[in-house]
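Trainee: Sequence and predicted structure below; questions after.
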Amino acid sequence: MTEDAPVNTGAPSSSPTGWRRVLGIQAKLHEWAVADPGRRFDDLFNLVMDQAFLAAAWDRVRENKGARTAGADRQTVHCIEDGALGVDGFLAHVRADLKSGAFRPVPVRQVKIPKGGGKLRALGIPIVRDRVVQAALKLVLEPIFEADFHPCSYGFRPNRRAQDAIEEIRHFAKSGYVHVFEGDIAACFDEISHPALMDRLRYRIGDKRVLRLVKAFLKAGLLDEQGVNRDTHTGTPQGGILSPLLANVALSVLDEHFARQWIGPDARNARDRHRRRGGAIYRLIRYADDFVVMVRGARHQAEGLWDEVAQVLATVGLRLAADKTTTVHIDEGFDFLGFHIQRHRQRGSDRQLIYSYPSNKSMQTIRRKVKDARGEQFIGMDKDDLFRRLGQITRGWALYFRHGASAVAFQDLQYHLWRRVWHWMRRKHPKTPRRQLYRQLQPPGTWWPVADTVELFRPATMKIIRYRYRGTKIPTPWSPQPDPAIA
């Protein structure tokens, strides 16, 4: 950092003043990174152990839904809040360990959670102390690397969401990019090369203490469900606060590869000349380790991307999953981020439109969640509690898919929800006549289940709202805000 722009002054707590100071320093880091793409940042470790950054990191950890989950030391956020030291004492102890160099990450507790297809996904759960330090690292590193990340990347980045990626696919599909290379990276978070990742970090970070701290987290090891410690020679354990940022740093090699050939003032004319000569134009859309490459050209050119993408991923120790990587035409359709995206004729006209709606897999998942939520263990639950539980599950799902052509899917889910609630009532009151159960479930003048104080959420009432395509001009939290008086 420059001497004429100091940023390492003390701040006492996670008060609004402390948060404003953190955001101000982040804005400076981001501004310097944007202004000088080749700049390496020194003296960042003082920010990581700064009181304001640690307090802000604590807030992030405490507000995360994983705050109730314990790491290898079996301590949760609430245990620390109720402990003898309290939060202030805990953060002071963490800061002292960082300052003295005594801080050492603890092996990450690994658990297996179910995923699609009956498989299990490995999830890493660091201890609370390590989560706080990872969050502080992220607060310092993210504004710097956000200056380098390309617009085609959407996963785990501030102010970006899955719907942006879906709309970008629809945008390019309408512009003639009709062939889709659908890529899947095998065990991405488990196989990222540590040396390759550290090299990419060193391009921007010159502070050796920060680099050593990141490497220490990478090498912290895993504590599996049998209590056995295992060394970690590759990968970033899923579940760590810092892991998504590190994964994006590694996977940005893919973004850079596809962006490199079309960067420059004459990029648009170069694309047109290349296309007239029979070449293909490629557009990458990536959400973390899920990505597609939209191709404006012939199908064989899309299929030829396999070796090219594999070579790029190999530079960071990754590989394509052979059983999940495929090439399709937009008319055939494909699944991405829970949506099925396909071009077909609009009902009642001859226009060909690009539609996005919940995939079959997404529909099966929500049906299974509804079924599990009113299983045998919930027979004794009150109707009010059951309806609240089902509402939380289905409302969140409907909110995610409300930007697609999801009306039919919402109707299907609503019918499924009604049937499952009716079956629950039959099992809860096996000796009650059906007519009486109907009156209990649906009061006179209504046709939808209502409890004493809660009406069961109706997915079909969710309003479909078309998401506005935001292009490449999505601001970061540290971008200069326009003056309202001028605007």
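Mentor: Yep, it's here.
Trainee: how about Ala72, secondary structure?
Mentor: For Ala72, the secondary-structure state derived from DSSP: H, G, I helix; E, B strand; the rest coil is coil.
Trainee: Spatially nearest residue to it (excluding sequence neighbours)?
Mentor: Nearest residue to Ala72, sequence neighbours excluded (C-beta to C-beta, 6 or more residues apart in numbering): Arg109, at 4.5 Å. C-betas here are computed from N, CA, C, even on glycine.
Trainee: With Pro477 instead?
Mentor: Using C-beta to C-beta, 6+ apart, the closest residue to Pro477 is Pro158 (5.1 Å).
Trainee: Ok, Ser406 next?
Mentor: Closest to Ser406 by C-beta to C-beta, 6+ apart is Tyr357, at 5.2 Å.
Trainee: try Lys174
Mentor: Among residues not flanking Lys174 along the chain, Ile354 sits closest, at 5.7 Å (C-beta to C-beta, 6+ apart).
Trainee: Same check on Tyr287?
Mentor: Gly155 (3.9 Å).
Trainee: ok so the one you found is a helix residue?
Mentor: No - counting by three-state DSSP, Gly155 is not found in a helix; it is coil.
Trainee: ok, now how distant is it from Ala165?
Mentor: 8 Å (C-beta to C-beta, to the nearest Å).
Trainee: Pass me the low-pLDDT residue ranges in the chain, would you?
Mentor: The chain contains residues with pLDDT under 70 at 1-14, 116-117, 262-266, 375-378, 481-487.
Trainee: Centroid-nearest residue for it?
Mentor: Phe156 (4.2 Å; C-alpha atoms, centre = their mean).
Trainee: Give the burial count for the closest residue to that residue other than its chain neighbours, as a bare number.
Mentor: Sequence neighbours aside, Pro244 is the residue nearest to Phe156 in space, at 3.5 Å (criterion: C-beta to C-beta, 6+ apart). Neighbours of Pro244 under the rule other C-beta atoms under 10 Å: 19.
Trainee: can you pull out the helices in the stretch 301-450 of the chain?
Mentor: 305-314, 360-373, 383-401, 407-428, 434-441 (DSSP state H, counting those that start in this stretch).
Trainee: Can you give the distance from stretch 28-45 to the centre of its chain?
Mentor: Its chain's C-alpha centre and that of stretch 28-45 lie 25 Å apart, by C-alpha atoms, centre = their mean, to the nearest Å.
Trainee: Repeat that for stretch 270-280.
Mentor: With C-alpha atoms, centre = their mean, you get 35 Å for stretch 270-280.
Trainee: Mind listing what's buried along it?
Mentor: Across stretch 270-280, burial judged by 16 or more other C-beta atoms under 10 Å covers 271, 280.
Trainee: and if you look at stretch 434-454?
Mentor: 441, 448-449, 451, 454.
Trainee: distance from the centroid: which residue in the protein tops it?
Mentor: The chain, C-alpha atoms, centre = their mean, max distance from centroid: Pro433 (48.1 Å).
Trainee: next one: phi and psi at it?
Mentor: phi -60, psi 150 (degrees, to the nearest 10).
Trainee: any chance of the helices of the stretch 301-450 of the chain in TSV, with distance to Arg458 too?
Mentor: Shown next, in TSV, are these (distance: least, C-beta to C-beta, whole Å):
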stretch	distance to Arg458
helix 305-314	44
helix 360-373	13
helix 383-401	9
helix 407-428	6
helix 434-441	14
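Trainee: which one of those helices lies closest to Arg129?
Mentor: Nearest to Arg129, of all the helices of the stretch 301-450 of the chain, is helix 383-401, at 31.0 Å by C-beta to C-beta.
Trainee: What segments of the stretch 101-250 of the chain are strands?
Mentor: Secondary structure of the stretch 101-250 of the chain by DSSP state E, counting those that start in this stretch: the strands cover 108-114, 120-125, 179-184, 222-223, 229-230.
Trainee: Tabulate those strands in JSON lines, adding columns for distance to Val48.
Mentor: As requested, the strands of the stretch 101-250 of the chain are exported to JSON lines (distance: least, C-beta to C-beta, whole Å):
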{"stretch": "strand 108-114", "distance to Val48": "19"}
{"stretch": "strand 120-125", "distance to Val48": "21"}
{"stretch": "strand 179-184", "distance to Val48": "34"}
{"stretch": "strand 222-223", "distance to Val48": "24"}
{"stretch": "strand 229-230", "distance to Val48": "26"}
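Trainee: Quick one: closest of the ones you listed to Leu47.
Mentor: Using C-beta to C-beta, the strands of the stretch 101-250 of the chain put strand 108-114 closest to Leu47, at 24.2 Å.
Trainee: Let's see that closest one as PDB, backbone CA atoms only.
Mentor: Provided in PDB are the C-alpha atoms of strand 108-114 (Å, rounded to 0.1, in the frame of the first residue of the first chain):
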ATOM      1  CA  VAL A 108     -12.000 -28.900   9.900                       C
ATOM      2  CA  ARG A 109     -14.800 -31.200  11.100                       C
ATOM      3  CA  GLN A 110     -16.100 -33.100   8.000                       C
ATOM      4  CA  VAL A 111     -19.700 -34.300   7.800                       C
ATOM      5  CA  LYS A 112     -21.500 -35.900   4.900                       C
ATOM      6  CA  ILE A 113     -24.800 -34.500   3.800                       C
ATOM      7  CA  PRO A 114     -27.200 -36.000   1.200                       C
END
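Trainee: Quickly run through the sheet partners of it, with directions.
Mentor: When sheet partners are counted by DSSP bridges, strand 108-114 sits next to strand 120-125 (antiparallel), strand 222-223 (parallel).
Trainee: among those, which is the most enclosed?
Mentor: Of the strands paired with strand 108-114, the one with the most neighbours on average (mean count of other C-beta atoms under 10 Å) is strand 222-223, at a mean of 19.
Trainee: Without its sequence neighbours, what residue ends up closest to Leu44?
Mentor: Leu44's closest residue in space is Asp207 (C-beta to C-beta, 6+ apart), at 4.4 Å.
Trainee: In TSV: the strands paired with strand 108-114, plus distance to Asp385.
Mentor: Below are the strands paired with strand 108-114 laid out as TSV (distance: least, C-beta to C-beta, whole Å):
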stretch	distance to Asp385
strand 120-125	28
strand 222-223	36
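Trainee: quick one, which of the ones you listed is nearest to Ala322?
Mentor: strand 120-125 (19.5 Å).
Trainee: need the contact list for the closest residue to Gln238 other than its chain neighbours.
Mentor: Closest residue to Gln238 apart from its sequence neighbours, by C-beta to C-beta, 6+ apart: Phe189 at 4.6 Å. For Phe189, the contact set (C-beta atoms under 8 Å, 6 or more residues apart in numbering) comprises 235-238, 243, 247, 289.
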